[in-house]
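Visitor: Give me the fold of what follows.
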Amino acid sequence: MRIEICAVGRLRAGPEKELLDGYVSRITAAGRGIGITALTLREVEEKRRLEGAALKESEAAQLKASLSRGALLVALDERGRAEPSEAFAGRLARWRDSGVSDLAFVIGGADGLAPSLRDEASHLIAFGPMTWPHMLVRVMLAEQIYRAVTIIAGHPYHRA
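Guide: Model prediction:
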């Protein structure tokens, strides 16, 4: 299974990018043994001249165009489910075991996701009720994917 994170905006050089790159490397190395072959980041342009619903719809169109064909769509959204790491790992394993070859997590821009894209998602995930910077959410998601990979592989990274 290949995993992609599709997000609005470009992550510039700095601590967040370094953390994300580290998790991508870890996931690639640890995932091979359990059938997770890659984690890819796909970034789309922020449309700063637009506002409100038009902005969200423009971002949604770009995100949708960036997805691998046939990818199972998971949206990060405040209306989503905040679940424990073990449950997330179990869900990831079930998707892998059921034959999902491409899994795409989408992260909207500062104003969130368009309802049209959110409604297409097979699953909604939230990182709790707090508001997080969307650039930092990429790192948080990558860490949780890495944690899930290690849980599935029986590695001691996660101490439950």
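
Visitor: buried ones in stretch 17-25?
Guide: Neighbour counts over stretch 17-25 (16 or more other C-beta atoms under 10 Å) mark 17, 19-20, 23-24 as buried. Glycine gets a C-beta too; all of them are placed from N, C-alpha and C.

Visitor: got it, and stretch 58-67?
Guide: Within stretch 58-67, the residues that count as buried by 16+ other C-beta under 10 Å are 58-60, 62-64, 66-67.

Visitor: Likewise for stretch 116-132?
Guide: Here stretch 116-132 shows 117-118, 121, 124-127 as buried, counting by 16+ other C-beta under 10 Å.

Visitor: Send over that stretch as PDB, restricted to the C-alpha atoms.
Guide: Output in PDB follows, covering the C-alpha atoms of stretch 116-132 (Å, rounded to 0.1, in the frame of the first residue of the first chain):
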ATOM      1  CA  SER A 116     -17.700  18.600  -1.400                       C
ATOM      2  CA  LEU A 117     -14.300  17.000  -0.700                       C
ATOM      3  CA  ARG A 118     -15.100  16.200   2.900                       C
ATOM      4  CA  ASP A 119     -18.200  14.400   1.800                       C
ATOM      5  CA  GLU A 120     -16.200  12.200  -0.700                       C
ATOM      6  CA  ALA A 121     -13.900  11.000   2.100                       C
ATOM      7  CA  SER A 122     -14.200   7.400   3.300                       C
ATOM      8  CA  HIS A 123     -13.100   8.500   6.800                       C
ATOM      9  CA  LEU A 124     -12.700  11.800   8.700                       C
ATOM     10  CA  ILE A 125      -9.900  12.200  11.300                       C
ATOM     11  CA  ALA A 126      -9.500  15.000  13.800                       C
ATOM     12  CA  PHE A 127      -6.500  15.700  16.000                       C
ATOM     13  CA  GLY A 128      -8.800  16.800  18.800                       C
ATOM     14  CA  PRO A 129     -10.900  20.000  19.300                       C
ATOM     15  CA  MET A 130      -7.900  22.400  19.200                       C
ATOM     16  CA  THR A 131      -7.000  24.300  16.100                       C
ATOM     17  CA  TRP A 132      -3.500  23.300  14.700                       C
END
